[in-house]
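Chemist: can't give you the sequence, but here's the structure:
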């Protein structure tokens, strides 16, 4: 729908509404004099928008107009006293078209104008508009001459002057080792002004400075002149159409030269213009930096997928928004109101404050690259930025590592320790590699201790862009998470999952763990009980993946028949019948395959029933966290547990953890730390796949939790198991002490004093 038709329809709609309102009121009065209706009457306020619908920026015009129209929609949604209407006129990219468009907008009765894009069009439009007392806010004009408020009255812009972009462009070329650049520029107001700013900022003489008409259709002689001069680079001060012309000519002449440009062609619109994206490969450009984007318009524009110069779509939106808010503030003094609204204005394109001459300082300039190899569509990516204060800044590459922590569920009381280990690994990785241009970030999710929670958490990690994951703790959670993560090609290192089934690399691809399988802990548990003269043990175990797998491993390793083997749900709130069954069977010991919460439940029930029996457990509840869970530590007196043995601890993390007094399962705090450290180092390791990198790092790895080497299936052999005991009396809090250990080679041995 064109704008004239839209305006006509809106006017007819308002007339119809007014007539309908009058008729309705007359009828109401005849029926009931006590009833009154008041029509809401809004002022229709027109905001002009100068858009380069024709000329060298035409391919970007759809994006600019989208920004302007969305601003009007948002202005109207925010209040009901004024209806803002955007009147769009084609400013082209030249003064004649810009002046005619400005007159059209003045005749239409606009209160202010957003635009133009091109500097020459803005200059000519300002002469018309300022004479009519109509202020304007350009969203893209950067010529330094426009900073002269006397020559260009009532003129504002939400982009910085090229007097600032010139030094940014020079710094960009210098950091990329250009030594003898040529400047190839349009001879219009934008091109000449920007070219002068670059030349003024360049440290030394430019190789050549060549102008051309923006309407040129042949640039071969200018490119040949640059080639003959022996320049090592060329900076194009151009728009999209002529930038494509230059790039194609450089490729045609086979000129091996570095390619640079400013904001004129910057963005994916250039790739739309080119028939062969590879001619832009290696082109680096400067474009105004948005800084922080306020509101949700940027996300809406990205979702709209309209190719354009994104920064100027955002400034188009902001220019119209400022005008609308200024009118609502005081429509009788638009220039004054624009200055007021434009003070610390939180826009989609950044934070803006107008100076006395209508300029803004800007947030610096992004430095962006084009990549194209001919085999696929080109890509446009901003890789650095420049500011007056800092010069060229290359932001650190962010590497996201996931961490699955049982923040809820039966291991929740240990989660703080696991979290500390992972977070300290991130601190240490950044200290080690921060100078290499990388920044590690931890993305933590709650894996609970069940498959459903963990699968959802794993998908959250995939969506957040992690490259690898530490965790989960519980075996069932790890199994479910692996299905999601491996499908996305994301490897994981568990710091606590011990189910023997996880040794199957076909069923669980890209999976590693730095705790040994319970196929090894089973013999350790059996040996521990045998060394304490147990002859007739019962096993009471959770029926989840961890509990069933470990219980089977103990049964397989026990020399003889078990007294009882009884399963229960990990969510059970009573185990009275199970303990009674063990008591009636005359068992001399009970081995709990449990986590902390249910271990406490079992111990309390044994005490309640007065059962005189030896107490054992595996790694699930091992540590001081069990004492925190119990209201009476005495019920744990005499309990012995197996827990993975750290062996020699490398580095100082173990001591740092001890100093925190965080209560958790220490061996898994150390493995939590090691899992993230290994993933971080693997991310910086050159390998064909992430899993290959992990295998490389995980060979004789000196970790806080010991020396680790991954086997072909992702398992580690481990350093055996500590055998630790709880002691408690009515007089004091319970203690947890590791006095023995078990290894495959040596069996049960006493710790050295």
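Modeler: Ah, there it is. Only a predicted model underlies this, so the values are computations on that prediction, with no experimental measurement involved.
Chemist: can you list the domains in the chain?
Modeler: Following the assignment in automatic domain parsing, the chain carries domains at 3-15+42-161+294-352, 163-291+364-393.
Chemist: Helix or strand next in line after the one helix or strand in the chain whose mean pLDDT sits lowest, which one?
Modeler: Ranked by mean pLDDT, DSSP states H and E, the weakest helix or strand in the chain is helix 3-31, scoring a mean of 35. Counting by DSSP states H and E, the next helix or strand C-terminal to helix 3-31 is strand 43-51.
Chemist: List phi and psi for residue 436.
Modeler: When read as degrees, to the nearest 10, the backbone of residue 436 gives phi -100, psi 10.
Chemist: Same question for residue 419.
Modeler: phi -60, psi -40.
Chemist: Spatially nearest residue to it, not counting backbone neighbours?
Modeler: Closest residue in space to residue 419, ignoring its immediate chain neighbours: residue 405 at 5.5 Å, by Cβ to Cβ, 6 or more residues apart in numbering. C-beta here means a position set from N, CA and C on the backbone, and glycine is covered the same way.
Chemist: what does residue 685 give?
Modeler: In this structure, residue 685 finds its nearest non-sequential neighbour in residue 693, 4.1 Å apart by Cβ to Cβ, 6+ apart.
Chemist: could you say what helices and strands the host helix or strand of that neighbour packs with?
Modeler: Element membership for residue 693 (DSSP H and E) is helix 690-697. Helix 690-697 sits against helix 666-683, with contacts defined as 3 or more Cβ pairs under 8 Å, 6 or more residues apart in numbering; DSSP states H and E.
Chemist: coming back round to it: name the residues of the helix or strand that comes right after the helix holding residue 693 that are buried.
Modeler: Reading on from helix 690-697 to the C-terminus, the next helix or strand found by DSSP H and E is strand 701-703. Neighbour-count burial for strand 701-703 flags 701, 703 (criterion: 16 or more other Cβ atoms under 10 Å).
Chemist: for stretch 298-306, same thing?
Modeler: Going by neighbour count (16+ other Cβ under 10 Å), the buried part of stretch 298-306 is 298, 301, 306.
Chemist: cool, and stretch 407-424?
Modeler: Neighbour-count burial for stretch 407-424 flags 407, 409-424 (criterion: 16+ other Cβ under 10 Å).
Chemist: and if you look at stretch 98-116?
Modeler: For stretch 98-116, the neighbour count (16+ other Cβ under 10 Å) marks 98-106, 110-116 as buried.
Chemist: quick one: low-confidence parts of the stretch 101-250 of the chain?
Modeler: Along the stretch 101-250 of the chain, the model assigns pLDDT under 70 to no residue.
Chemist: at 90 instead, please
Modeler: For the stretch 101-250 of the chain, applying pLDDT under 90 flags the ranges 189, 214-215.
Chemist: Could you pull out the strands in it for me?
Modeler: With DSSP state E, counting those that start in this stretch as the criterion, the stretch 101-250 of the chain has strands at 112-114, 136-138, 155-157, 181-186, 208-212, 233-237.
Chemist: do the same with the stretch 451-600 of the chain
Modeler: Under DSSP E, counting those that start in this stretch, the stretch 451-600 of the chain gives strands at 468-470, 492-494, 511-513, 537-542, 564-568, 589-593.
Chemist: any chance of those strands in CSV, with mean neighbour count, distance to residue 142 and mean pLDDT too?
Modeler: Formatted as CSV, the strands of the stretch 451-600 of the chain follow (neighbours: other Cβ atoms under 10 Å; distance: least, Cβ to Cβ, whole Å; pLDDT from 0 to 100):
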stretch, mean neighbour count, distance to residue 142, mean pLDDT
strand 468-470, 30, 43, 98
strand 492-494, 31, 49, 98
strand 511-513, 27, 53, 97
strand 537-542, 26, 68, 98
strand 564-568, 18, 73, 97
strand 589-593, 27, 70, 98
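Chemist: before we move on, back to that, check the contact between the residue nearest to residue 685 and residue 679; I expect there is one.
Modeler: No - counting by Cβ atoms under 8 Å, residue 693 sits too far from residue 679 to count as a contact (9.2 Å).
Chemist: For the two, indicate the residue with more neighbours.
Modeler: residue 679 (30 against 21; other Cβ atoms under 10 Å).
Chemist: returning to that earlier point: what's the helix holding residue 693 in contact with?
Modeler: Contacts to helix 690-697, defined as Cβ atoms under 8 Å, 6 or more residues apart in numbering, come from residues 467-468, 489-491, 493, 510, 512, 678-679, 681-683, 685-687, 710.
Chemist: that older thread, got JSON lines for the strands of the stretch 451-600 of the chain, with distance to residue 455 too?
Modeler: Below are the strands of the stretch 451-600 of the chain laid out as JSON lines (distance: least, Cβ to Cβ, whole Å):
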{"stretch": "strand 468-470", "distance to residue 455": "13"}
{"stretch": "strand 492-494", "distance to residue 455": "13"}
{"stretch": "strand 511-513", "distance to residue 455": "15"}
{"stretch": "strand 537-542", "distance to residue 455": "19"}
{"stretch": "strand 564-568", "distance to residue 455": "24"}
{"stretch": "strand 589-593", "distance to residue 455": "24"}
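Chemist: Tell me the spacing between the residue nearest to residue 414 when sequence neighbours are not counted and residue 540.
Modeler: Beyond its immediate neighbours in the sequence, the residue positioned closest to residue 414 (Cβ to Cβ, 6+ apart) is residue 664, lying 4.4 Å away. Applying Cβ to Cβ, to the nearest Å, the value for residue 664 to residue 540 is 24 Å.
Chemist: what do you get for residue 629?
Modeler: 17 Å.
Chemist: got it, and residue 90?
Modeler: 82 Å.
Chemist: now the buried residues of stretch 298-306 in TSV, with pLDDT?
Modeler: Listed next are the buried residues of stretch 298-306 as TSV, based on pLDDT from 0 to 100:
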residue	pLDDT
298	95
301	96
306	93
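Chemist: Sort out for me which of those are in helices.
Modeler: 298, 301 (DSSP state H).
Chemist: Who are the contact partners of the residue nearest to residue 419?
Modeler: When contacts are counted by Cβ under 8 Å, 6+ apart, residue 405 touches 415, 418, 419, 422, 444, 445, 446, 447, 471, 473.
Chemist: Now do whichever strand or helix holds the second one: which elements does it pack against?
Modeler: By that I understand residue 418. Using DSSP H and E, residue 418 falls within helix 415-433. Other helices and strands packing on helix 415-433, by 3+ Cβ pairs under 8 Å, 6+ apart, are strand 397-405, strand 438-446, helix 653-660, helix 666-683.
Chemist: ok, and what's touching the shortest one?
Modeler: The contact list for helix 653-660 (Cβ under 8 Å, 6+ apart) reads 417, 420, 421, 424, 428, 646, 666, 669, 670, 673, 704.
Chemist: which secondary structure elements does the one helix or strand residue 366 maps to contact?
Modeler: Assigned by DSSP H and E, residue 366 belongs to strand 365-371. Helices and strands touching strand 365-371, by 3+ Cβ pairs under 8 Å, 6+ apart, are helix 162-175, strand 284-288, strand 379-387.
Chemist: That one vs helix 162-175, what angle?
Modeler: Using axes from the mean of the first three to the mean of the last three Cα atoms, to 10 degrees, the direction of strand 365-371 lies 50 degrees away from that of helix 162-175.
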